[in-house]
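A.B. asks: What would the 3D arrangement of this be:
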Amino acid sequence: MKKIQGFCAFFIVVFCISCSERPAVDDGYPIKPVAITRVKITDEFWLPRIERNRTITIPYTFGKCEETGRIGNFAIAAGLLKGEFTGERYNDSDVFKIMEGACYSLIQHPDQKLRRYVDCLVTLIAGAQEKDGYLYTTRTINPLKMAPGAGRERWIDERVSHELYNIGHMYEAAVAHYNATGEKTFLNVAIKSADLVNKEFGWGKREIAPGHQEIEIGLVKLYRVTGERKYLDLARFFLDVRGRQGNYIRHPEGSRFDVYNDSVYLQMHKPVLQQDEAVGHAVRAAYMYSAMADVSEATGDKSYLDASFKLWNNVTGKKIYITGGIGSEEKGEAFGPPFVLPNLTAYTETCASVANVFWNSRLFRSSGDAQYMDILEQTLYNGLISGVSLDGENFFYTNPLESDGSFNRSGWFDCSCCPGNIVRFMPAMGQYIYSTDPQGIYVNLFIGSDANMTIKNSEVALTQITKYPWEGRTDLIVTPDKETTFIVRIRIPDFTGKNPVPGGLYSYLDSENEKVEISVNGDIVEYKTDRGFALLERTWKKGDKISVIFPMKIREIVARPEVKSDSGRIAFSRGPVIYCVEEADNGKVRNMTVGKNPDPAFKYRSDLLTGVGIIKFKGFDSKGKEKEYMAIPYYAWANRGKGEMAVWINKTTK
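C.D. replies: Numbering: from 1, shown residues only. Predicted structure coming up:
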């Protein structure tokens, strides 16, 4: 850290120049998230994870960026060090993502040491930026000796170069830094870059789209914070230009980049408004689908949103794993054909789960429909947090649903996009818990927290007390500053019905609907539901208490017959949590079976895996001998070394 701060001493004076004040603009979404500045998470499940991210994962990943030359590349490009570029052409983006996460953490937990470090990185980045706004360290350092795939000239090989992808993450980090600090040093770097991109790209200019979507999201965020319409128009251009370029020719550097020749892989096979099947690289796709919603709401053109909804129907009906993971194919980190969802070779990249949360949160904010929050929650508790170890220093890039014993977590990767995505997600997750519209409050997630929001000119404090997902009771204390009539909408999770998640790809072996009990001030109330939410409308006064009891029955899940990988198998769930059997608890598990009546029982174990709910059940080993097995939450697997693991278990009729 001292080394990084030493680099910054001169450049802090040079680059700390504020831009003029510009108006922020509304994002256009009818439903607004309660900002992380107004939500304090107190939850027994989530707070330790967020604190671990703050105290362990953020410093660890910054350290890895120093150790692997990712940060040094900026110092070399700024002229503060001599040397050659180190690593992959997209390594700049890893630093930006971790900076974004650090800024979100600073909003929640001011930390002068972290603030100084982040500001020093901003100074390095500003120093690495070329005079016209171009920022791509591998070219700036030595345009004659760049990382493979960078392209001989600026922008000419954007399907591979990741020039726009990198700076898209920079725009997001710069907006987070501005929101955290109120300073425009980093925002100015982003604006200068975006102005260059706007000069270079557009109709009648460079009519090409980025090979890896991301800049679209970043540009919309810049538009919101600056009020500059040109950034929104540029984001829209990058969507509209897709599908107009045809198939790419073979890259001159050879077969390493053959996958980029496939326009389907790049989501460039059709204009975005004509796409109705999720194909190609899953992370790129979900980033693009998210941007389509952003652009739709900001411009009022609902065609992008309609297309995004159609793609969601395709994913949830045919291409999503029960863990919320998306992208089944290792080749290209891509969506596979409908219903082809292998377990052992499932790719389900951690980044794809983060992107899936981004996408579903936007679709919810557009529609007010709880089904998008159901998918978000399923992904959150399973396929997303599985990507980081319980010690905060080891990660999964892929998240298979079965292991032959060869899988293990890694402390870092040559392509380390996933650790950075975890880092930026965790401190910002408070924004998904509550939302508001002119009629009232949405309670989307059941996470212990204190929140403040403005409803109908009344300041409302909301406290949530819960031990979810291990217990089904959630209490909400509503405290308006004056008696006010509004609606409190409480999501009724899909897992209380016939299906664990929307889309019809998975269902429960039993088809019972389980009643959710709601009381206000101790009196059980009958409630109406709308789009998956229970509606409680009344004149609220200080200290009103809502109590919600969700049934937390252990249930067996089956997949549609078309999903051949899961044929004859079941998976256990309880609430939003998907379970797996692991060798560490049971011995070999891939060939075990469960019978007609496995008699599962739940127990919370505070002494295991930092505290987890386990399921014990009867099963048969590979020789047919009956024994008791133990299942743990899927997210917690591979924290005790290598070993076999299975989510889907063979089931017999015996």
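A.B. asks: Tell me how many other residues surround the spatially closest residue to Asn597 that is not a sequence neighbour.
C.D. replies: Distances taken as Cβ to Cβ, 6 or more residues apart in numbering place Lys618 nearest to Asn597, at 7.6 Å, with adjacent residues excluded. C-betas here are computed from N, CA, C, even on glycine. Using other Cβ atoms under 10 Å, Lys618 is surrounded by 15 other residues.
A.B. asks: What about Lys618? Give its phi and psi, please.
C.D. replies: Dihedral pair for Lys618: phi -90, psi 140, per degrees, to the nearest 10.
A.B. asks: Might you report the residue contacts of it?
C.D. replies: Lys618 is in contact with 594-595, 597-599, 626-629, counting by Cβ atoms under 8 Å, 6 or more residues apart in numbering.
A.B. asks: Widest-spaced pair of these?
C.D. replies: Largest separation among those by Cβ to Cβ: Asn597 and Lys627, giving 15.0 Å.
A.B. asks: need the contact list for His644.
C.D. replies: Wrong residue type there; residue 644 is Glu, not His. Listed by Cβ under 8 Å, 6+ apart, the contact set of Glu644 reads 403-405, 582-583, 588-590.
A.B. asks: Those residues, buried ones only, as a ChimeraX selection?
C.D. replies: The buried subset of the contacts of Glu644, as determined by 16 or more other Cβ atoms under 10 Å, is captured in ChimeraX by this line:
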select :403,582,583,589,590
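A.B. asks: now, the most widely separated pair of the contacts of Glu644?
C.D. replies: Asp404 and Glu582 (12.6 Å).
A.B. asks: Drop anything exposed from the contacts of Lys618.
C.D. replies: By 16+ other Cβ under 10 Å, these give 594, 598, 629 as buried.
A.B. asks: any idea how far the closest residue to Tyr468 other than its chain neighbours is from Arg640?
C.D. replies: Excluding its sequence neighbours, the residue lying closest to Tyr468 (Cβ to Cβ, 6+ apart) is Phe446, at 4.1 Å. When Cβ to Cβ, to the nearest Å is the yardstick, Phe446 and Arg640 sit 28 Å from each other.
A.B. asks: And these two? Which one has more around it.
C.D. replies: The neighbour comparison of Phe446 against Arg640 (other Cβ under 10 Å) goes to Phe446, with 26 against 15.
A.B. asks: Could you pull up the contacting residues of the more buried one?
C.D. replies: Applying Cβ under 8 Å, 6+ apart, the residues contacting Phe446 are 464, 466, 468-469, 474, 548, 550.
A.B. asks: and which of those residues is nearest Trp155?
C.D. replies: Closest to Trp155 out of these is Pro469 (46.6 Å), distances taken as Cβ to Cβ.
A.B. asks: give me the element Lys545 is part of.
C.D. replies: Element membership for Lys545 (DSSP states H and E) is strand 544-549.
A.B. asks: Give me the sheet partners of that strand and which way each runs.
C.D. replies: strand 473-480 (antiparallel), strand 517-520 (antiparallel) (DSSP bridges).
A.B. asks: Among these, show me which one is buried the most.
C.D. replies: Ranked by mean neighbour count under mean count of other Cβ atoms under 10 Å, the strands paired with strand 544-549 are led by strand 473-480, which reaches a mean of 18.
A.B. asks: Reformat the strands paired with strand 544-549 into JSON lines and put distance to Val264 and mean pLDDT next to each item.
C.D. replies: Below are those laid out as JSON lines (distance: least, Cβ to Cβ, whole Å; pLDDT from 0 to 100):
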{"stretch": "strand 473-480", "distance to Val264": "44", "mean pLDDT": "98"}
{"stretch": "strand 517-520", "distance to Val264": "47", "mean pLDDT": "98"}
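A.B. asks: and those strands as TSV, adding distance to Arg538?
C.D. replies: What follows is the strands paired with strand 544-549, written out as TSV (distance: least, Cβ to Cβ, whole Å):
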stretch	distance to Arg538
strand 473-480	10
strand 517-520	7
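A.B. asks: Between the ones you listed, which one is closest to Glu100.
C.D. replies: strand 473-480 (30.4 Å).
A.B. asks: Restrict that closest one to CA atoms and write it as CSV.
C.D. replies: Taking Å, rounded to 0.1, in the frame of the first residue of the first chain, the C-alpha atoms of strand 473-480 are listed here in CSV:
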residue,chain,number,x,y,z
ARG,A,473,-40.7,-16.1,11.0
THR,A,474,-40.1,-12.5,10.0
ASP,A,475,-41.2,-9.5,12.0
LEU,A,476,-41.5,-6.0,10.6
ILE,A,477,-41.8,-2.9,12.8
VAL,A,478,-43.3,0.0,10.9
THR,A,479,-42.6,3.5,12.3
PRO,A,480,-43.9,6.5,10.2
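A.B. asks: OK, contacts around the closest residue to Glu297 other than its chain neighbours?
C.D. replies: Computed as Cβ to Cβ, 6+ apart, the closest residue to Glu297 that is not its neighbour in sequence is Gly28, at 3.6 Å. By Cβ under 8 Å, 6+ apart, Gly28 lies in contact with 297-300.
A.B. asks: Assign a three-state SS to Gly28, would you?
C.D. replies: Judged by DSSP: H, G, I helix; E, B strand; the rest coil, the three-state class of Gly28 is coil.
A.B. asks: how close does it sit to Arg224?
C.D. replies: Gly28 sits 9 Å away from Arg224 when distances are taken as Cβ to Cβ.
A.B. asks: overlap in contacts of these two?
C.D. replies: In contact with both Gly28 and Arg224: Ala298, using Cβ under 8 Å, 6+ apart.
A.B. asks: CA atoms only for the helix or strand encompassing Lys616 - export them in PDB, please.
C.D. replies: For Lys616, the host element (DSSP H and E) is strand 612-620. Written as PDB, here are the backbone C-alpha positions of strand 612-620 (Å, rounded to 0.1, in the frame of the first residue of the first chain):
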ATOM      1  CA  VAL A 612     -25.700 -23.900   8.700                       C
ATOM      2  CA  GLY A 613     -29.000 -25.700   8.600                       C
ATOM      3  CA  ILE A 614     -28.500 -29.400   7.700                       C
ATOM      4  CA  ILE A 615     -30.900 -32.100   6.500                       C
ATOM      5  CA  LYS A 616     -30.500 -35.700   7.600                       C
ATOM      6  CA  PHE A 617     -32.300 -38.400   5.600                       C
ATOM      7  CA  LYS A 618     -32.400 -42.100   4.900                       C
ATOM      8  CA  GLY A 619     -30.700 -43.400   1.800                       C
ATOM      9  CA  PHE A 620     -28.800 -46.300   0.200                       C
END
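A.B. asks: Whichever helix or strand comes after it to strand 612-620, inter-axis angle?
C.D. replies: Downstream of strand 612-620, the first helix or strand assigned by DSSP H and E is strand 626-633. Computed with axes from the mean of the first three to the mean of the last three Cα atoms, to 10 degrees, the direction of strand 626-633 lies at 150 degrees from that of strand 612-620.
A.B. asks: helices and strands around strand 626-633, which ones?
C.D. replies: In terms of contacts (3 or more Cβ pairs under 8 Å, 6 or more residues apart in numbering; DSSP states H and E), strand 626-633 is packed against strand 577-582, helix 583-586, strand 612-620.
A.B. asks: hmm, back to that, what secondary structure does the residue nearest to Tyr468 sit in?
C.D. replies: Here Phe446 is coil, with the state taken from three-state DSSP.
A.B. asks: where does it land on pLDDT?
C.D. replies: Note for Phe446: predicted pLDDT of 98.
A.B. asks: so who does Pro633 touch?
C.D. replies: Taking Cβ under 8 Å, 6+ apart, one finds 381-382, 577-580, 609, 612-613 in contact with Pro633.
A.B. asks: Tell me the bridge partners for it.
C.D. replies: Pro633 has these beta-bridge partners by DSSP bridges: Tyr579.
A.B. asks: Next, work out how far apart it and Asn314 are.
C.D. replies: Taking Cβ to Cβ, one finds Pro633 at 28 Å from Asn314.
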